[in-house]
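J.: Sequence and predicted structure below; questions after.
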Amino acid sequence: MRKPLWLIAAPFIFLLLWSAGFALAKIGLRHAGPFTILGLRYLIAVLVLLPLLPILKPTFPRGRAALDIAVTGFLIQVVYFCLCYAAFKIGVSAGGVAIIVCLQPILVGIIAPRMVSESVSLLRWLGLAFGLLGAVTVILSRSGIQAEPLVGVLLAIGGLFGITGATLYEKRFGVTHHPVPANIIQYAVGAVFTLPLAWGVEGFDADWTPELFGVMAYLVIGNSLVAISLLLAMIRAGEVARVSALFYLVPPLAALFAWPLLGEAMPLLAWVGMALAGFGVMLARK
């Protein structure tokens with residue numbers, strides 16, 4: 001059975017959008033606190049999607065279906081994003097967070113056989129190993145690893161477990177829903193938790209420059225509406241370990257985007273690491 005065209009293109013679109021968001025989020029944090037950026041991002045996403053309900057008239061999930069969407073949204077939008085953004089704000093380097101989050105495919109590969117009844121072949125384990133080696137090579141070549149604050153490292157580890165839990169939960173309990181109501185539920189959950197934090201901890205303090213407006217527009221449309229929808233759709237359509245292997249390409253591609261956006265140069269060894277990561281993903285997706 002041939003895969004639909006959108007499913008063939010989805011991994012490439014997801015990787016580009018998700019990886020670019022890494023550098024753009026760092027730019028946004030120059031102008032506002034992490035909870036302010038995330039809270040407004042989720043609120044705007046909900047406000048953009050709500051007018052589509054009377055036009056498209058999709059079936060709105062109820063009961064257990066709505067609860068499953070809300071749990072996945074909490075794990076991604078609150079646990080993963082909040083903890084990683086807070087780790088950046090505390091002082092953990094981009095390389096430090098990236099290496100920690102890159103362990104997600106390993107955790108998924110270990111837990112998936114028990115939780116979602118998927119077998120992980122030797123070839124896939126080899127691909128995961130090459131992917132991790134390539135990602136670490138990119139990060140180390142850019143001197144991203146420094147003495148990190150312990151609290152920030154623990155926050156990043158919490159974010160790692162958030163995205164891992166979301167991937168496995170979605171694979172086991174997630175079913176296909178119309179993306180508009182599903183996204184409204186997820187981002188409403190994110191807004192409920194992050195907006196009070198933005199008000200209480202940061203006082204919604206932000207430097208509203210054109211740069212921040214541009215970053216917010218990208219985070220809402222590129223990351224929140226398109227990338228997350230593609231990620232969840234890929235998890236439902238394919239084996240969870242294969243989808244998770246895509247995350248190994250995020251640090252190398254994020255480093256590539258950081259070159260023009262943040263002025264962080266890519267040394268020769270980093271390109272070698274990108275090739276290793278790409279080879280690992282190819283093996284893991286076979």
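T.: Okay, I see it. Every value quoted in this text rests on a predicted model; they were computed, and no experiment measured them. Residues are numbered from 1 along each chain as shown.

J.: Which residues are in contact with V272?
T.: With Cβ atoms under 8 Å, 6 or more residues apart in numbering as the criterion, the residues that contact V272 are 137, 141. (Each C-beta comes from the backbone N, C-alpha and C, glycine too.)

J.: Provide the secondary structure category for it.
T.: Using DSSP: H, G, I helix; E, B strand; the rest coil, the structure places V272 in helix.

J.: R30 too?
T.: Taken by three-state DSSP, the conformation at R30 corresponds to coil.

J.: Now do it, the pLDDT please.
T.: At R30 the predicted local distance difference test score is 90.

J.: And G200, by the same measure?
T.: Confidence per residue is given as pLDDT, and for G200 that number is 93.

J.: which SS state does it fall under?
T.: Note that with three-state DSSP, the state of G200 is helix.

J.: cool, and E264?
T.: Secondary structure of E264, per three-state DSSP, is coil.

J.: so it touches A254, yeah?
T.: No. Applying Cβ atoms under 8 Å as the test, E264 and A254 come out as separate, 9.9 Å apart.

J.: if you count what's nearby, which of the two comes out ahead?
T.: Here E264 and A254 are compared on neighbour count by other Cβ atoms under 10 Å; more neighbours surround A254, at 26 against 20.

J.: avg pLDDT for stretch 175-186?
T.: 86.

J.: Convert the host helix or strand of F193 to PDB, retaining C-alpha atoms only.
T.: Element membership of F193 [criterion: DSSP states H and E] is helix 179-197. The C-alpha trace of helix 179-197 is given here as PDB (Å, rounded to 0.1, in the frame of the first residue of the first chain):
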ATOM      1  CA  PRO A 179      -6.700  18.800  13.600                       C
ATOM      2  CA  VAL A 180      -8.600  22.000  14.400                       C
ATOM      3  CA  PRO A 181     -10.500  20.800  17.600                       C
ATOM      4  CA  ALA A 182      -7.500  18.600  18.600                       C
ATOM      5  CA  ASN A 183      -5.200  21.600  18.500                       C
ATOM      6  CA  ILE A 184      -7.700  23.800  20.300                       C
ATOM      7  CA  ILE A 185      -7.800  21.300  23.200                       C
ATOM      8  CA  GLN A 186      -4.000  21.000  23.300                       C
ATOM      9  CA  TYR A 187      -3.200  24.700  23.200                       C
ATOM     10  CA  ALA A 188      -6.100  25.500  25.600                       C
ATOM     11  CA  VAL A 189      -4.400  23.200  28.100                       C
ATOM     12  CA  GLY A 190      -1.100  24.900  27.500                       C
ATOM     13  CA  ALA A 191      -2.600  28.300  28.000                       C
ATOM     14  CA  VAL A 192      -4.400  27.400  31.200                       C
ATOM     15  CA  PHE A 193      -1.000  26.400  32.800                       C
ATOM     16  CA  THR A 194       1.400  28.900  31.300                       C
ATOM     17  CA  LEU A 195      -0.600  32.200  31.400                       C
ATOM     18  CA  PRO A 196      -0.900  32.200  35.200                       C
ATOM     19  CA  LEU A 197       2.900  31.500  35.400                       C
END
